[in-house]
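Undergrad: from the sequence below, what's the structure:
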Amino acid sequence: MYNRCMGTGLTPHATAEPLAEAIALTPAARMATVEAFFAASPRSSEGSSGLGRAILDFQAWEIASGRIPTSNGGSDWWRAVNGMMVLDIAAAAQGATGPTPAIRAWVDYTTAAEPQRALWEAHQRSLHAGIRAAGALLVAESEAERRFAAIVIDVVDRTALSGSATDNDGLARLTERYYPGVYPIRPDALPALEGMREKTAARLLDPAGAPFQDVGMDSTRWA
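TA: The predicted structure is shown next:
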């Protein structure tokens, strides 16, 4: 669907293999594309990346932890889900408003009256489109890694629905405290992560004061 352009970003082009291209993106291209998008549309005065800080921080963790490595190995599932979002962002940067709801949401974010809400809408549409596209790749992961991925998605869905700010280091601190620095995750790390997920579910509530429903890998909210 897109290709790299001059090593600093991505430019749309026609192909039948967007998932394969998402997997093939280098860490440098992923970071450069997202950095450029938020440098142009930070929508916050907090730092050069504005509301994109949390996205960049999480992407940096994916790379540093070996899920999206600079060399061989790593995870095709993590590569694909992240890469599909990067490709959506690249298309939005080029003004491609028509192809998918996710791309349109990223374009809308750049001018939205409520940019934080619009950021989460775009992020979640890209994230869940990537999850659906990469579903067959998840079976190749270890059971522990699959459980970890499910925890990550559950937590980010609840965080998105709560409208949490993304122009600070909150996500970076959470990943440093809880998320593994190596790939794949060790099974004995899961209990602490599950405890964190349960605390998040109890803390981030809907307007009626109840835990958010229809979240996680199989959520239909952002179809």
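Undergrad: hey, where'd the helices end up in the protein?
TA: Counting by DSSP state H, the segments of the chain that form helices are 18-24, 27-40, 53-64, 76-93, 101-109, 115-133, 135-138, 143-162, 170-178, 190-203.
Undergrad: could you dump these to JSON lines with distance to Glu46 and mean pLDDT?
TA: Bear in mind the C-beta positions are built from the backbone N, C-alpha and C, glycine included. Formatted as JSON lines, the helices of the chain follow (distance: least, Cβ to Cβ, whole Å; pLDDT from 0 to 100):
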{"stretch": "helix 18-24", "distance to Glu46": "29", "mean pLDDT": "95"}
{"stretch": "helix 27-40", "distance to Glu46": "11", "mean pLDDT": "99"}
{"stretch": "helix 53-64", "distance to Glu46": "7", "mean pLDDT": "99"}
{"stretch": "helix 76-93", "distance to Glu46": "19", "mean pLDDT": "98"}
{"stretch": "helix 101-109", "distance to Glu46": "16", "mean pLDDT": "97"}
{"stretch": "helix 115-133", "distance to Glu46": "11", "mean pLDDT": "99"}
{"stretch": "helix 135-138", "distance to Glu46": "34", "mean pLDDT": "97"}
{"stretch": "helix 143-162", "distance to Glu46": "17", "mean pLDDT": "99"}
{"stretch": "helix 170-178", "distance to Glu46": "12", "mean pLDDT": "96"}
{"stretch": "helix 190-203", "distance to Glu46": "23", "mean pLDDT": "98"}
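Undergrad: okay, Glu176 and Asp154: tell me how far apart.
TA: For Glu176, the distance to Asp154 equals 19 Å [Cβ to Cβ, to the nearest Å].
Undergrad: looking only at neighbour counts, state which of the two leads.
TA: Between Glu176 and Asp154, counting by other Cβ atoms under 10 Å, Asp154 is the more crowded of the two (20 against 12).
Undergrad: list the contacts for Arg221?
TA: By Cβ atoms under 8 Å, 6 or more residues apart in numbering, Arg221 lies in contact with Gln124, His128, Asp157, Asp214, Val215.
Undergrad: now with 7 Å, please.
TA: For Arg221, the contact set (Cβ atoms under 7 Å, 6 or more residues apart in numbering) comprises Asp214.
Undergrad: separation between the closest residue to Val81 other than its chain neighbours and Ala22?
TA: Nearest non-adjacent residue to Val81, counting by Cβ to Cβ, 6 or more residues apart in numbering: Gly130, 3.9 Å away. As judged by Cβ to Cβ, Gly130 and Ala22 stand 7 Å apart.
Undergrad: got it, and Ala165?
TA: In terms of Cβ to Cβ, Ala165 sits 28 Å off from Ala22.
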